[in-house]
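Colleague: let me see the structure of the following:
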Amino acid sequence: MLPRMTSYAGNFEDVLLRRAFHDQADGFYVDVGAYDPVDGSVTKHFYDLGWRGINVEPDPAPFARLLADRPGDINLNLALSDREGTLRLFSAEGAAHPSVDPRMITGWFGARPEDVRPVDLPAITLAALCDHHVPAGRAIDFLKVDVEAHEYEVLVGNDWTRWRPRVLVVESWEHERWEPILRDASYHFTLFDGINRVYVRGEDAHLIPRLSVPVNQTDNFGLHPYAPFEGIGPQALRLARWIHRRAERNPRLASIARACIGRLAG
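Modeller: Predicted structure coming up:
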């Protein structure tokens, strides 16, 4: 069994990816639609292990958090698309992510139409991003794409003959439209986790079995919101035993200690 880990990702994507890459000391990722550096982050676990990568986030508020929390990463406040230029996105207060489609903001995130606001951002292609920012000679271990119905434009904007991330995790909006791009580039579909579709490039077919089974208890992980509390039970049990050993001359204290031990152990 792998060592205990804390999962930060919204759907345990980091747990699945840890299974694929647990036997390498460091690596490189590209996170398109990175959002927050901690809450819901697919890359936080890997950053803490010493991995580094590129975070692309068009929303200025989470981008500011990325700048503060990820000094070792390359953080870019822009959008990816199928051509370079300007891309109009839509957002609203309370919407987790901007989208090219305002119906995503009102429908999926429940914003009122009058609260939806447009914002124009510089846009580049995935190929240009890699050309300009991936260090020379560095392989991309995994690419995550979460762009709220703009996946086709992001994926078609790559040169799959030159930039071949080993593993892809792509949110599955309209996958019938963009999946042929990946099939033609010799990527193998391995798993649908209910939100994302996972792919492995043909050159790394040995990773397919690791990424074909849903995340489960054998992956040995806890959730980030509860991580501070994981050690409380054992610590309280040790304290109760310590009190019991020293309560021989105080029957009342001994009784309390026995009750505590019984509850914690049970």
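Colleague: all the helices of this structure, residue numbers only.
Modeller: Per DSSP state H, the chain carries helices over the ranges 13-21, 44-48, 60-69, 102-103, 126-133, 151-156, 175-184, 232-245, 251-265.
Colleague: where does the stretch 101-250 of the chain dip in pLDDT?
Modeller: 101-102, 104-105, 107-111, 228-250 (pLDDT under 70).
Colleague: list the buried residues in stretch 201-209.
Modeller: For stretch 201-209, a neighbour-count test (16 or more other C-beta atoms under 10 Å) marks 201, 204, 207-208 as buried. In this view, the C-beta of every residue, glycine as well, is placed from N, C-alpha and C.
Colleague: likewise for stretch 180-196?
Modeller: In stretch 180-196, counting by 16+ other C-beta under 10 Å, buried: 181-182, 185, 187-191, 196.
Colleague: next, format these as JSON lines and append distance to residue 70.
Modeller: Converted to JSON lines, the buried residues of stretch 180-196 look like this (distance: C-beta to C-beta, whole Å):
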{"residue": "181", "distance to residue 70": "29"}
{"residue": "182", "distance to residue 70": "28"}
{"residue": "185", "distance to residue 70": "29"}
{"residue": "187", "distance to residue 70": "27"}
{"residue": "188", "distance to residue 70": "31"}
{"residue": "189", "distance to residue 70": "30"}
{"residue": "190", "distance to residue 70": "28"}
{"residue": "191", "distance to residue 70": "27"}
{"residue": "196", "distance to residue 70": "22"}
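Colleague: and residue 4, what is it in contact with?
Modeller: 220-222 (C-beta atoms under 8 Å, 6 or more residues apart in numbering).
Colleague: same deal with residue 68?
Modeller: residue 37.
Colleague: which pLDDT does the model give it?
Modeller: Per-residue pLDDT puts residue 68 at 98.
Colleague: residues contacting the closest residue to residue 29 other than its chain neighbours?
Modeller: Spatial nearest neighbour of residue 29, chain neighbours left out: residue 53 (3.6 Å); criterion: C-beta to C-beta, 6 or more residues apart in numbering. Contact analysis of residue 53 by C-beta under 8 Å, 6+ apart lists 28-31, 43, 46-47, 73-74.
Colleague: just give me the closest of these to residue 115.
Modeller: residue 31 (27.4 Å; C-beta to C-beta).
Colleague: no further questions, thank you.
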